[in-house]
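Trainee: everything below, folded, please.
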Amino acid sequence: MFSISRPMTRASLAAALVAFSIALQAQPASADASAQIRRTSFGVPHIVAKDERGLGYGIGYAYAQDNLCLLANEVLTVSGERSRYFGAKAKTFEQRDNLASDLFFTWLNTPTAVGAFLNAQPAPVRDLLDGYAGGFNRALAERRSQGLPPECGTGDWVRPITSQDLVKLTRRLLAEGGVGQFVEALAGAQPPSLTSQRAAAGFATALARQARFASERGSNAVAVGSQRSANGRGLLLANPHFPWMGGMRFYQMQLTIPGQLDVMGAALPGLPVVNIGFNRHLAWTHTVDTSNHFTLYRLQLDPKDPSRYLLDGKSLPLMRQAVSVTVKAEDGTLSQVERQVYSSKFGPVVQWPGRLDWDAQAAYSLRDANLDNTRVLQQWYRINRADSLDALKGSVEHLQGIPWVNTLAVDEGGQALYLNQSVVPYVDQQLLSTCSNPKASGRLVVLDGSRSGCAWKVDAQAAQPGIFPARLLPSLERKDFVQNSNDPAWMANPAQPLTGFSPLVSRNDQPLGMRGRFALNRLQGSAKLGVDDLQRMVTDDEVYLASLLLPDLLAWCKGAEADLQPVCDSLLAWNGKADLASGIGLVHFENMFNALAAHPESWRVAFDPADPQHTPRGLAVEQAAVRKLLREAALASLQQVGKSGVGRDSQWGQVQQALDGTPVPGGPQGLGVYNAIHSVPHGPGKRLVVSGTSYLQLVSFTDQGPQALGLLAFSQSSEAGSAHAHDQTKAFSAKQLAVIPFTEAQIKADPEYREYVISEGDKGAVAQH
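Mentor: Numbers count the residues shown, from 1 in each chain. Below you'll find the model as predicted:
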C-alpha cells in the first residue's frame, strides 16, 4: 500500500501509474484482489484494477469510505432484520413500519431466490459482487477500529456483508417497479376469517407511496444527434430525479480495467456497475417509464373455503409460506413474529381494504415480471462496455435486463437512440380485452385469475417467459433528437410518433406531462443545440405551467375581492420560476393549481390527442364555476401558507433547503419544472429536499473525445462529518456545474488529486480523505 499526495511531480506520478498498471497486469489470476483508487474534486473516486474482482474490491472500499452506515442500513433492511435491532414499530427510511418491511423482504429474499439469482450470473459479475463485499468489509474493519461514524448509531447492527447481501439489494431494486409498492398489502393479507386491521392501517400510506413512485424516481433525458448539435456530434443530458437519501441514492465513480473498460457515471448503492454514464464512444441515461411491470389477478374463491381458488373449474389450495421475523421488545427481549404469506400460481395474495379485498368471493394475486429478471446486473455490465450504439441496443434487446426505465443514448458519431425496452408482461390488447376486469381503474391491470388462458403470453424470442419480446417494444433512432420526461413512448420525437403498442407498454391517449411539453418546446425548431442550451433547460428553473395559466390568473386577480389581494400581489411579483430568488407567488401558484387539478373542466382548451404538445391550456376564468374554485383555492392557500410559517416576503431559497441548510433551486415536477425537486415540510417556514435532480450529467462528444459537465446534487457522502457531504450541493445551489474528469490528463490535472492502492494481501490502513 502506498499513498501519493498532490505535490508529487507530473513525471513521477505518470511513472508510478505506469508501474502500477504493469504490476496489475503481471499478477497471476490467483493473486489477491487489488485496486488503485484516485480521488478528484468532490471526492469522486476513479478506480483502476486488472480484473473484475479487483474492480469490485475498489468500488466497495471507496463506497464504504463515503457511505458506510447508509449501505449497512440498507443491507439490514433488505435482509428483513430491522425489527431485531430497532423494534417492530420504528420506521424505515421510506416510512414503513419495520415489521411490515421485514416480513416483505424475508419473503422476497429467501435463500433459494438469492442463491438462484447469484448462480445465474456470469463469472465476471460474480467476481464484481465478491470483490465489492470484500472491499466494503475491509473499510468496515478499518473504520470500526477508528470509531464508526455517528450515522451508525450504536453500531451493533453494522456487520460485514456478502455477495448474497448485494443480490438482496439488487432484488429490492427490481421490485421497486412492482411488488415493492405493495409491501403492506402483502404483509397484511389474511383470509376473511383472520382479517385484522394490519392491512387497513398501511393502506393510505401504501397508496400515497405508490402515487409518489414516479415523482420521487422520475427523470428527464435528451439525446441530441448530429443534425441538431452545435458541433455535429452527439450530445446527451442526463437528469434523473431520485431520492437524496436512502437506498436509491446515486454515487459517482469511474471504473477502469486497462484495455477492457473505461466508464464514468453514477451507480445505486451496492451495485458494482455504472447505471447512468458515458465511455469513450457513447453516453446513456434512463428515465422511469410508464409501462406496467406487473398485473393483478382476480381469484375466484372456492365457495366452501376462502383459502382455495378455482382455476378452470378446479379447486386449488393457496400455497402458504411461513415468514418469521425476530422482533426486539421495549425491554430488549427478542421474540419471533410469524405470518403466513399466501400465493396462487400467479403470485402472492395482496389485500387493500376497499380496493383489493379478500372476502368469501374473491382475492387478488400479484405477478411481478421483474422477480424473474436475473439479467439486470449483466445488462449494465454490457452497457458499460458497449463500444457503439449498436452494441448498446443489441445488448438491451437480447438480454432484456432493464427493469422499469427507458434508455436514451447518443454516440460519438451523432446517432440518438430511444428505447422503451424494459421488462413488461406480455399482455397485448387482445388478451386485455378478453381477460381484464371491467372494474379495474387507473393503472392497475386486473386479469381474470379463474382461467389459465388469461396467463401472460409466452414468446420464444423473449429473454424470459411471459414478457414482451424486444421486437414488440418501442425503439427509435434519429439524427435530430429524442427526449423523455416520464411520458409514454409516443412523443419521444413528434416527427415520428411511436404508436400501436399494448396499453401495458405505452399509451397515446393521455396528456403529456408538463416537463415533457417544456422539453419539446425548447427542443423543436431548427436552431443548433449546445451544452449551454441543455444546461439551461435545467438551471433556468422555469415553471412551464406558469406560461399556460399565469396570464389568466392575473386577469382573474383584477376582479378579485380585497381578501385575496395578498395572493394576487404575490402572483404579480413572482418571476415565474422556481429559483432561489422566487417569491411565495410560487407557493400560492402550486397550491391553487393542485386544487384545480381535480377539475379538468377548468381548462379553457381541453386535452386533444391530436395536439398533445399544446393541450390542455388556458384557465377558463370567464366561467363563474372556475372563478368560485379559484377563490376557494386562494383562500385555502393563504391559510396553508400562514400555518406553515412562510413569510410574505420569503424567497424560495429560504424555504426549500437541503439537510445542512443549503438553499436548493427547483420545484414540483407537476408544474413543469424541469429541475424537478420534491421537498416536504420540515419545521416552520422550511421544506426539506428528499428527492429530485440527483446525478446531473451533460456529455458532448468532440474531436478530443467525450467532454462532460455535471454534479451529484446531494454530494458523494451521506456522512455529515465528511468533507464531501455538502460540497456539490453548494455548487448545485449556485448552478455551478463542474468538469467531470475522465481522461488521464483531466484526472491528473485535478487540483485535489490524491490516490492510494489497496490489496487483500495488505491489511494496513490506507490514507483517508
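Trainee: can you pull out the low-pLDDT segments for this structure?
Mentor: 1-30, 194-217, 437-442, 763-769 (pLDDT under 70).
Trainee: quick check: closest non-adjacent residue to Cys556.
Mentor: To be clear, residue 556 is Trp; Cys isn't right here. Val621 (4.3 Å; C-beta to C-beta, 6 or more residues apart in numbering). Every residue, glycine included, has its C-beta placed from N, CA and C.
Trainee: typed the wrong thing, it's Thr295
Mentor: Thr295 sits nearest to Val445 (C-beta to C-beta, 6+ apart), 4.6 Å away.
Trainee: the strands in the stretch 1-150 of the chain, which residues?
Mentor: For the stretch 1-150 of the chain, the strands defined by DSSP state E, counting those that start in this stretch cover 3-4, 34-39, 45-48.
Trainee: and of these, who's closest to Ala386?
Mentor: strand 45-48 (19.3 Å; C-beta to C-beta).
Trainee: mind giving me the packing neighbours of that closest one?
Mentor: Here strand 45-48 touches helix 10-26, strand 34-39, helix 52-78, strand 251-257, going by 3 or more C-beta pairs under 8 Å, 6 or more residues apart in numbering; DSSP states H and E.
Trainee: of those, which is nearest Leu550?
Mentor: Of those, nearest to Leu550 by C-beta to C-beta is strand 251-257, at 37.0 Å.
Trainee: contacts for that closest one, please.
Mentor: 42, 44-52, 55, 59, 62-63, 66-67, 261-269, 273-274, 384, 695, 712, 716, 741-742, 747 (C-beta atoms under 8 Å, 6 or more residues apart in numbering).
Trainee: counting contacts, what elements does the very next helix or strand once past it pack onto?
Mentor: If you walk from strand 251-257 toward the C-terminus, the next helix or strand you reach (DSSP states H and E) is strand 261-267. Secondary-structure packing of strand 261-267 (3+ C-beta pairs under 8 Å, 6+ apart): strand 251-257, strand 276-278, helix 376-385, strand 695-702.
Trainee: in JSON lines: these, plus mean neighbour count and distance to Leu545.
Mentor: What follows is the helices and strands packed on strand 261-267, written out as JSON lines (neighbours: other C-beta atoms under 10 Å; distance: least, C-beta to C-beta, whole Å):
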{"stretch": "strand 251-257", "mean neighbour count": "24", "distance to Leu545": "32"}
{"stretch": "strand 276-278", "mean neighbour count": "29", "distance to Leu545": "27"}
{"stretch": "helix 376-385", "mean neighbour count": "22", "distance to Leu545": "35"}
{"stretch": "strand 695-702", "mean neighbour count": "23", "distance to Leu545": "22"}
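Trainee: distance to Gln657 added to those, as CSV?
Mentor: Converted to CSV, the helices and strands packed on strand 261-267 look like this (distance: least, C-beta to C-beta, whole Å):
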stretch, distance to Gln657
strand 251-257, 22
strand 276-278, 26
helix 376-385, 33
strand 695-702, 18
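Trainee: which one of the ones you listed lies nearest to Ala573?
Mentor: That would be strand 695-702 among these, by C-beta to C-beta, at 29.4 Å.
Trainee: the residue nearest to Trp556 is in contact with Pro551, isn't it?
Mentor: No: applying C-beta atoms under 8 Å as the test, Val621 and Pro551 come out as separate, 9.9 Å apart.
Trainee: more neighbours, the two?
Mentor: Val621 (21 against 13; other C-beta atoms under 10 Å).
Trainee: quick check: end-to-end length of stretch 39-53?
Mentor: Stretch 39-53 stretches 20 Å from its first residue to its last (C-alpha to C-alpha, to the nearest Å).
Trainee: chain center to it: distance?
Mentor: Distance of stretch 39-53 from its chain centroid, counting by C-alpha atoms, centre = their mean, to the nearest Å, is 23 Å.
Trainee: next one: stretch 118-127
Mentor: With C-alpha atoms, centre = their mean, you get 24 Å for stretch 118-127.
Trainee: who touches that stretch?
Mentor: Contacts for stretch 118-127 (C-beta under 8 Å, 6+ apart): 51-53, 56, 129, 163-164, 167, 374-375, 377-378, 381.
Trainee: about what we covered before: want to throw the helices and strands packed on strand 45-48 into CSV with distance to Thr539?
Mentor: Listed next are those as CSV, based on distance: least, C-beta to C-beta, whole Å:
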stretch, distance to Thr539
helix 10-26, 34
strand 34-39, 27
helix 52-78, 26
strand 251-257, 19
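Trainee: quick one, which of those gets closest to Gln640.
Mentor: Nearest to Gln640, of the helices and strands packed on strand 45-48 and by C-beta to C-beta, is helix 52-78 at 33.5 Å.
Trainee: now for that closest one, which elements pack on it?
Mentor: strand 34-39, strand 45-48, helix 98-108, helix 123-146, helix 163-175, strand 251-257, strand 754-759.
Trainee: mind doing that once more with 7 Å?
Mentor: strand 34-39, strand 45-48, helix 98-108, helix 123-146, helix 163-175, strand 251-257 (3 or more C-beta pairs under 7 Å, 6 or more residues apart in numbering; DSSP states H and E).
Trainee: can you put the ones you listed in JSON lines and add distance to Gly225?
Mentor: As requested, the helices and strands packed on helix 52-78 are exported to JSON lines (distance: least, C-beta to C-beta, whole Å):
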{"stretch": "strand 34-39", "distance to Gly225": "33"}
{"stretch": "strand 45-48", "distance to Gly225": "29"}
{"stretch": "helix 98-108", "distance to Gly225": "41"}
{"stretch": "helix 123-146", "distance to Gly225": "32"}
{"stretch": "helix 163-175", "distance to Gly225": "31"}
{"stretch": "strand 251-257", "distance to Gly225": "26"}
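Trainee: of those, which is nearest Ser226?
Mentor: Across the helices and strands packed on helix 52-78, closest to Ser226 is strand 251-257 (C-beta to C-beta), at 26.6 Å.
Trainee: can you list the strands that the closest one pairs with?
Mentor: strand 45-48 (parallel), strand 261-267 (antiparallel) (DSSP bridges).
Trainee: figure out how far it is from the centre of its chain.
Mentor: Worked out by C-alpha atoms, centre = their mean, strand 251-257 lies 19 Å from the chain centre.
Trainee: which residues touch Gln654?
Mentor: The contact partners of Gln654, by C-beta atoms under 7 Å, 6 or more residues apart in numbering, come to Pro663.
Trainee: good, we can wrap up now.
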